[in-house]
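Colleague: Provide a 3D model corresponding to the input given below.
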Amino acid sequence: MPIKNRLADMHAEITGWRRHLHAHPELDFDVYETAKFVEEKLRSFGVTDITTGVGRSGVVAVIEGREPGSGRAIGLRADMDALPIVEATGLDYASKVHGRMHACGHDGHTAMLLGAAQYLAETRNFNGRAVLIFQPAEEGGGGGLEMCRNGMMERWGIDEVYGMHTHPGEAVGGFHIRVGAQMAAADQFDIVITGKGGHAAEPHKAVDPNVAAAHVIVALQSIASRSVDPLAQVVVSVCMLRSDSEAHNVIPQQVTMKGTVRSLDADVRDLAQRRLEEIVDLTARAQGCTAETIYDRGYPVTINSPGPTAHAIAAAQAVTADANPNTAPIMAAEDFSYMAEERPGAFIMLGNGFGPNVHHAQFNFDDEAIPAGCSYLAEVIERGMPI
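Modeller: Prediction:
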């Protein structure tokens with residue numbers, strides 16, 4: 001079964017919703033206007049079971065099938081928040097809020113779930129309950145965790161949960177998924193190396209934290225090359241380096257570093273943290289400095305369960321022949337992972353073409369992917385809870 005005809009007919013309308021959302025981005029948990037837009041659209045579709053303020057500012061809506069009491073409940077999740085980026089697309093529907101931008105496709109995710117919602121509310125060609133989850137604060141805020149802590153899974157009796165994300169670098173409208181680790185755990189670290197400041201012309205009278213920091217950065221790369229099994233995957237990136245001096249002739253007292261660690265396995269995650277803390281401490285001491293490391297665990301690995309993944313593959317293949325069931329994992333992270341920890345779930349990637357990547361000031365969700373994305377979401381419900 002290809003793109004659903006009704007959703008193909010709605011393409012222009014859903015595109016309009018997406019572009020409205022793109023022009024009015026909101027950050028973190030402060031997505032109240034977006035949530036209001038979602039609620040108004042749902043009510044216009046005839047959906048009456050709508051709860052707002054879930055996980056602070058999320059929206060959960062229920063569409064009952066023709067036989068709601070005899071079936072299961074499947075959750076479909078979309079994220080609503082944008083990023084603190086100055087948009088550089090030049091689009092006529094570009095962000096109207098300086099310094100905020102939908103640079104990760106969440107405007108497309110929300111619009112596609114709304115499109116699927118309208119179709120499901122009109123047809124109700126399923127046996128059970130479709131639970132629509134519109135989530136705030138995916139971009140670092142942990143909105144998925146907040147919604148789970150708010151009792152979402154138990155409150156709405158969700159049996160399985162499905163998510164989707166736009167995926168630049170693949171053909172528009174194609175699907176990509178795998179069983180197991182789909183996206184990485186994301187941890188972050190802050191390191192402060194302290195030496196002894198002094199005059200740059202007399203380095204022997206100082207203890208240079210810059211030299212220690214340089215050795216630390218290089219040594220941290222040995223975690224991937226020498227500590228972790230070559231068949232496993234880990235990324236250790238130092239992304240910010242700053243000293244407490246900006247002068248050309250001053251050896252600073254302190255250097256601060258910030259970065260991230262990405263992994264796909266719990267044991268590798270533990271190993272990477274332990275080795276990072278050891279390397280920072282011992283390398284700094286070897287250079288005559290001291291070091292303090294703060295290591296924060298972030299989003300866990302996004303794990304696709306076998307059953308839901310098989311179901312997601314079948315749904316995607318019903319929509320298009322371009323459905324890859326053995327895609328490589330992605331070292332970016334997703335807080336859909338919290339939902340997939342509470343219920344069996346599957347997270348699929350939707351091709352967005354070959355333009356700028358997500359989190360780039362010129363990224364834009366490709367509206368040509370909308371019919372495929374909406375059809376997939378509807379197919380997950382209809383196949384998962386057939387009449």
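
Colleague: Which residues are in contact with Leu7?
Modeller: Neighbouring residues of Leu7 by CB atoms under 8 Å, 6 or more residues apart in numbering: 14, 115-116, 119, 371, 374-375, 378. In short, each C-beta sits where N, CA and C put it, glycine included.

Colleague: Count the residues that sit near Gly298.
Modeller: Neighbourhood size, Gly298 [other CB atoms under 10 Å]: 17.

Colleague: Likewise for Pro306?
Modeller: The number of residues near Pro306, taken as other CB under 10 Å, comes to 11.

Colleague: next one: Val218
Modeller: Val218: 12 surrounding residues under other CB under 10 Å.

Colleague: what about it, which SS state?
Modeller: In three-state terms, and counting by DSSP: H, G, I helix; E, B strand; the rest coil, Val218 is helix.

Colleague: what's the spacing between it and Val236?
Modeller: The spacing between Val218 and Val236, counted by CB to CB, to the nearest Å, is 11 Å.

Colleague: likewise Ala181?
Modeller: From Ala181 to Val236 the distance is 18 Å (CB to CB).

Colleague: Same drill for the two, tell me which one is more crowded.
Modeller: Ranked by neighbour count (other CB under 10 Å), Ala181 and Val236 place Val236 first, with 23 against 18.

Colleague: After whichever helix or strand that one is part of, which helix or strand is next?
Modeller: Per DSSP states H and E, Val236 falls inside strand 234-243. The helix or strand immediately downstream of strand 234-243 is strand 250-251, counting by DSSP H and E.

Colleague: Which residue ranges of the protein form helices?
Modeller: 5-9, 11-23, 32-44, 106-123, 143-149, 152-155, 209-220, 222, 266-286, 306-319, 336-342, 370-384 (DSSP state H).

Colleague: For Ala232, which of those is the nearest?
Modeller: helix 266-286 (5.1 Å; CB to CB).

Colleague: Any stretches of the stretch 201-350 of the chain with poor pLDDT?
Modeller: The stretch 201-350 of the chain contains no residues with pLDDT under 70.

Colleague: List of residues touching stretch 314-321?
Modeller: By CB under 8 Å, 6+ apart, stretch 314-321 touches 1-3, 173-175, 177, 323, 348, 372, 375-376, 379-380, 383-384.

Colleague: got the domain boundaries for the chain?
Modeller: With domains defined by automatic domain parsing, the chain comprises 5-183+301-384, 185-296.
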